[in-house]
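S.K.: the sequence and its predicted three-dimensional model are supplied below.
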Amino acid sequence: MFEQILGLPAHPLIVHAAVIFIPLLAVGSVVYGLVPRVRPRLGWAVTLLALAAPAAAFAAEQSGEAFKAHTFAGGLPEGELGMRIAEHEGYAGPLLYSTIGLGASALALVYSSLRLGKVTTTLLTVVTVVLALVAGFYAVRSGHSGAVAVWG
């Protein structure tokens, strides 16, 4: 399912959604939490990104597995290329899980700001900021290691 799109390898195409949606969710949710006056205008975007970013991270991870299985059916190549691919692959899980956590936290933050008190919203803002930093870190590391694996 995640192997090809219109005859092209899906992974290089799908990762662009993750590269866009995860940082947008990170920045949007932090701004939403820290700048209360923008909440009425930003809530819908944070909500949509909280759903889209984890889905994009999941699709990127699954398409990466399919790409690796198709391209390197006999196992990863020896040497530097194999090490680069293994490093890149090692970021997939932490990126996916931190993005899922950020998405859940951002949804809870939006709900809290509309329905719950200031204390709960403040606590969720702190959690969201931390998860945004973690997801942002893994998005950058994953993207950079993937680019290094491909381009050297």
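M.R.: Good, I have the coordinates. Numbering: from 1, shown residues only.
S.K.: hmm, who's touching stretch 5-24?
M.R.: Under the contact criterion CB atoms under 8 Å, 6 or more residues apart in numbering, stretch 5-24 has outside partners 2-4, 49, 52-53, 56-57, 59-60, 63-64, 66-67, 70-71, 95, 99, 102, 135-136, 139, 143, 146. C-beta here means a position set from N, CA and C on the backbone, and glycine is covered the same way.
S.K.: try it again with 6 Å
M.R.: Here stretch 5-24 makes contact (CB atoms under 6 Å, 6 or more residues apart in numbering) with 2-4, 49, 52-53, 56-57, 59-60, 63-64, 67, 99, 135, 139, 143.
S.K.: of those residues, buried ones?
M.R.: For these, a neighbour count by 16 or more other CB atoms under 10 Å gives the buried set as 2, 49, 52-53, 56-57, 59-60, 63-64, 67, 99, 135, 139, 143.
S.K.: might you list the low-confidence residue ranges for this protein?
M.R.: Residue ranges of the chain with pLDDT under 70: 1.
S.K.: that older thread, wait, which of the buried ones among the contacts of stretch 5-24 is closest to Tyr32?
M.R.: For the buried ones among the contacts of stretch 5-24, the residue nearest Tyr32 by CB to CB is Leu49; the value is 10.0 Å.
S.K.: in which helix or strand does that closest one reside?
M.R.: helix 39-71 (DSSP states H and E).
S.K.: in which helix or strand does the residue most central in space within the chain reside?
M.R.: Nearest residue to the geometric centre of the chain (CA atoms, centre = their mean): Ile22, 4.1 Å. Here Ile22 sits within helix 10-34, counting by DSSP H and E.
S.K.: which of the residues in that helix are buried?
M.R.: For helix 10-34, the neighbour count (16+ other CB under 10 Å) marks 10-11, 14-15, 17-19, 21-26, 28-30, 32-33 as buried.
S.K.: residues contacting the closest residue to Ala57 other than its chain neighbours?
M.R.: Excluding the flanking residues, the one nearest Ala57 by CB to CB, 6 or more residues apart in numbering is Thr99, at 4.2 Å. Contact analysis of Thr99 by CB under 6 Å, 6+ apart lists Ile22, Ala53, Pro54, Ala57, Ala135.
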